[in-house]
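> Dropping a prediction and its sequence here:
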Amino acid sequence: MALSTIEGVPNLYVGGLWALRRSQSLLDRKITHVLSLVSFNPINLKNFKDEPFSEYGKPFNHLLIDIDDVEDSDLLIELPRAVRFIDEGLRNGRSHKKIPSSNAASVETALGNISLDGDKDAPSKQESSEAMPDGPPQSKLRPGAVFVHCAAGKSRSISAIIAYLLWRYPERFTGSAGSELASTLLTQDGESASEPVRAALALIKKTRPLADPNDGFMAQLDLWWEMGCPADGDIESQPIYQRWLYQRAAKESLAVGQAPSQLFFEDEAAAQTSQRHAGSSSSAASSAGPAADTKLRCKKCRRILATGPFIIPHKPRAFSDDEVEDAEARGLPPPTRPPCQHFFIEPLSWMRGELEKGELGGRLVCPNQKCGAGVGRYDWKGFPCSCGKREDPAFSLQKARVDEEVSRAVLRMPPGGRGGNGNL
């Protein structure tokens, strides 16, 4: 396919390297900005007039992001500048480079008729033009048109546009509108992704059916949405991004039989997130009813080892149909699992001393120096619980070594509320 439009977003186009070679098509569509998410040599890539991109690409603002189309490529770190570049191009498509005389007239004519949807303020055509110190005056500040491409216009470029859409038009991909869009996708299209990400993909597929980011990119777009699409922020300071980096590094280390050299503790990340959102008018922790607060305490000294947010939900592995049918055929009662003997938890900062040893597995002891009781174990390669469910990696507290404490919020009754028959 050649260039494809994006429904509801005027002047935003997507395609592959083939479309980039069609220089006249780019000029006809008044393209001012080109975002390349694939590496290529500007001298070797030629249009159909045998002109290299280093020459015919001079009228365009060009941003090259060199990223491979593989699931573990770090797309997240590239998204802020990609999104800002697209937004800048659509808002004010001026060229920061001198335009060759052979193309100047056609580009000036093209730029003159560009329009943009009016969801947000666009620069006025009356703004003064800027001049290069050593060249003629440049074109006036006007909305532009952006072409985003990768090799085939299927994965990398689509991912960048999804990130832009989620940042620029979040309301289009949530609520009933988002649900309706997401429902148009085939089951296998981004089936594990969140609804807003699927909805944005569905919008693009209306005009570019081959759009299909790899699973790793879809997962990263989920994180992009979860972080609030931080196009103007420092993504490296985001705990969600730090966790993703840690998980990727841990996977690479375990693949060669080594414990991760980089550690990430969920309680520290939660504290950092709380600080970032301090003073916010809304709280994600609020709920409509009493909330359960679970604590796991060392049975010996009562020191708190883990709280609800860091306890991993754990359900026994279900029996397969074959296992159930086999029991019935042998006249046996339905098979059952023994009760779980472990609480599985996230890696927490009190484990630091043990995990920094660089071992693949070991014992977890109570961090209270006056106690030091063994409370569980860990294994970076994972292990199965007695109930048949496997955790990978596994950080477990033995139920025999800890006490589970569940408290519920107290409902305060109004004055006189305890009268009558005593029923709530």
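Yep, it's here. Numbering: from 1, shown residues only.
> pretty sure Glu354 contacts Leu364?
Yes. Counting by CB atoms under 8 Å, Leu364 is a contact partner of Glu354 at 6.5 Å. In short, each C-beta sits where N, CA and C put it, glycine included.
> quick one, which of the two is more surrounded?
Leu364 (22 against 15; other CB atoms under 10 Å).
> Which residues does the more buried one form beta bridges with?
Gly376 (DSSP bridges).
> That one and Ser4, how far apart?
54 Å (CB to CB, to the nearest Å).
> what's the answer for Arg168, then?
18 Å.
> Next secondary structure element downstream of the longest helix along the chain?
Longest helix in the chain, counting residues (DSSP state H): helix 239-255. Following helix 239-255 in sequence order, the next helix or strand is helix 266-276 (DSSP states H and E).
> orientation of that following helix relative to helix 239-255 in degrees?
160 degrees (axes from the mean of the first three to the mean of the last three CA atoms, to 10 degrees).
> Any idea how far helix 266-276 is from the middle of the chain?
18 Å (CA atoms, centre = their mean, to the nearest Å).
> Can you list the buried residues in that helix?
Residues Glu266, Asp267, Glu268, Ala269, Ala270 are the ones in helix 266-276 that count as buried (16 or more other CB atoms under 10 Å).
> got a list of contacts for stretch 21-28?
2-3, 19-20, 34, 45-49, 51, 56-57, 59-60, 103, 106-107, 110, 147 (CB atoms under 8 Å, 6 or more residues apart in numbering).
> okay, that stretch in CSV with CA atoms only?
In CSV, the C-alpha atoms belonging to stretch 21-28 read as follows (Å, rounded to 0.1, in the frame of the first residue of the first chain):
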residue,chain,number,x,y,z
ARG,A,21,10.2,7.2,-2.6
ARG,A,22,7.1,8.8,-4.3
SER,A,23,8.4,12.3,-3.8
GLN,A,24,5.8,14.0,-5.9
SER,A,25,3.0,12.2,-4.0
LEU,A,26,4.4,13.7,-0.8
LEU,A,27,4.5,17.2,-2.3
ASP,A,28,1.0,16.8,-3.7
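> Please compute how far that stretch lies from its chain's middle.
33 Å.
> Return the set of buried residues in it.
Applying 16+ other CB under 10 Å to stretch 21-28 flags Arg21, Arg22, Ser23, Ser25, Leu26, Leu27 as buried.
> Kindly report the same for stretch 33-45.
Per 16+ other CB under 10 Å, stretch 33-45 contains these buried residues: His33, Val34, Leu35, Ser36, Leu37, Val38, Leu45.
> Closest one of these to Arg91?
His33 (10.3 Å; CB to CB).
> got a list of what the closest residue in space to that closest one that isn't next to it in sequence touches?
Sequence neighbours aside, Gly89 is the residue nearest to His33 in space, at 3.1 Å (criterion: CB to CB, 6 or more residues apart in numbering). By CB under 8 Å, 6+ apart, the contact list for Gly89 reads Thr32, His33, Leu35, Asn61, Gly144, Ala145, Val146.
> Measure how buried the last one is and give me the count.
Applying the criterion other CB under 10 Å, we find 27 residues in the vicinity of Val146.
> Which helix or strand in the protein has the lowest average pLDDT?
The weakest-scoring helix or strand in the chain, judged by mean pLDDT, DSSP states H and E, is helix 101-112 (a mean of 36).
> Look up which helix or strand the nearest residue to Glu171 once chain neighbours are set aside falls in, please.
In space, and not counting its chain neighbours, Glu171 is closest to Ala177: 7.4 Å by CB to CB, 6+ apart. Using DSSP H and E, the element containing Ala177 is helix 175-182.
> and the contacts of stretch 21-28, which are buried?
By neighbour count, with 16+ other CB under 10 Å, the contacts of stretch 21-28 hold 3, 19-20, 34, 45-47, 56-57, 59-60, 103, 107, 110, 147 as buried.
> All the helices of this structure, residue numbers only.
17-20, 23-28, 53-56, 79-91, 101-112, 156-168, 175-182, 195-205, 215-226, 239-255, 266-276, 321-329, 352-355.
> Would you mind telling me which of those is nearest Trp380?
helix 239-255 (5.9 Å).
> For that closest one, which helices and strands make contact with it?
Applying 3 or more CB pairs under 8 Å, 6 or more residues apart in numbering; DSSP states H and E, we find helix 239-255 packed against helix 215-226, helix 266-276.
> For those, which has the smallest mean pLDDT value?
The weakest mean pLDDT among the helices and strands packed on helix 239-255 belongs to helix 266-276, with a mean of 83.
> okay, now the domains of this structure?
4-94+142-237, 294-406 (the TED database).
> Quick check: chain neighbours aside, which residue is closest to Leu181?
Ala199 (3.9 Å).
> The one you found is in contact with Ala182, isn't it?
Yes. Counting by CB under 8 Å, Ala182 is a contact partner of Ala199 at 4.4 Å.
> which residues touch the closest residue to Ala151 other than its chain neighbours?
Nearest in space to Ala151, with sequence neighbours left out and distances taken as CB to CB, 6+ apart, is Val38 at 4.9 Å. Residues near Val38 by CB under 8 Å, 6+ apart: Leu17, Asp66, Ile67, His149, Cys150, Ala151, Arg156.
> one step back: quick one: which of Ala199 and Ala182 has more around it?
Ala199 (27 against 22).
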